[in-house]
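1. No sequence on hand, only this structure:
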């Protein structure tokens, strides 16, 4: 009988994808590509509207502000990351908590393959820096979830100091992203 596959242990507070109009989907796709490739602060709403083939009015009607669009971009990226993790874990079928931890790092390697710009969340945190920016809860939440998952897996594996191990694993994880 095959070993039971381990799973992620920490609930992911990722909001459901909003229902967007076709124009809203184009705006989000254009913003996502431009923000990741060129940087959040260097990309203006004019460039996003042009890339999405919409007016600035449509962009503001759909997202309210550039800051809200940035938050939507990061929420969408977080959903994509978690879908990717689910797929990777299903494919790798780790059988122990230690194997889940290793699978999280292997998934990260696959996620970054072909990427030149590292982590969209780290990049955004550096560019935004203001603690009250609407995207900061998304950034902080993503990093807190990652640490919590490492800690939960370390606890399940029976490590003596799962909090310290989680801190170290998160540091390695973030370093790999940079």
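-> Perfect, thanks for sending it. Being a predicted model, the structure only gives us computed values, none of them experimental. Numbering: from 1, shown residues only.
2. Check which residues of the longest helix along the chain are buried.
-> In the chain, assigned by DSSP state H, the helix with the most residues is helix 66-92. Residues of helix 66-92 classed as buried by neighbour count (16 or more other C-beta atoms under 10 Å): 66, 69-78, 81, 85, 88-89, 92. Quick note: C-beta positions are derived from backbone N, CA and C, even for glycine.
3. contacting residues for residue 69?
-> Residue 69 sits next to 27, 28, 31, 45, 48, 59, 63 when contact means C-beta atoms under 8 Å, 6 or more residues apart in numbering.
4. Skipping its backbone neighbours, what lies nearest the first one in space?
-> Yep, that's residue 27 we're talking about. Nearest non-adjacent residue to residue 27, counting by C-beta to C-beta, 6 or more residues apart in numbering: residue 52, 4.4 Å away.
5. Same check on residue 109?
-> Per C-beta to C-beta, 6+ apart, closest to residue 109 is residue 176, 7.7 Å.
6. mind checking the SS state of that neighbour?
-> Assigned with DSSP: H, G, I helix; E, B strand; the rest coil, residue 176 falls in the helix class.
7. Could I get the contacting residues of it?
-> Residue 176 is in contact with 105, 108, 109, 112, counting by C-beta under 8 Å, 6+ apart.
8. Looking at those residues, which is nearest residue 20?
-> Ranked by distance to residue 20 (C-beta to C-beta), these are led by residue 112 at 27.1 Å.
9. so that closest one sits right up against residue 177, yeah?
-> Yes. Between residue 112 and residue 177 there is a contact under C-beta atoms under 8 Å: 7.2 Å.
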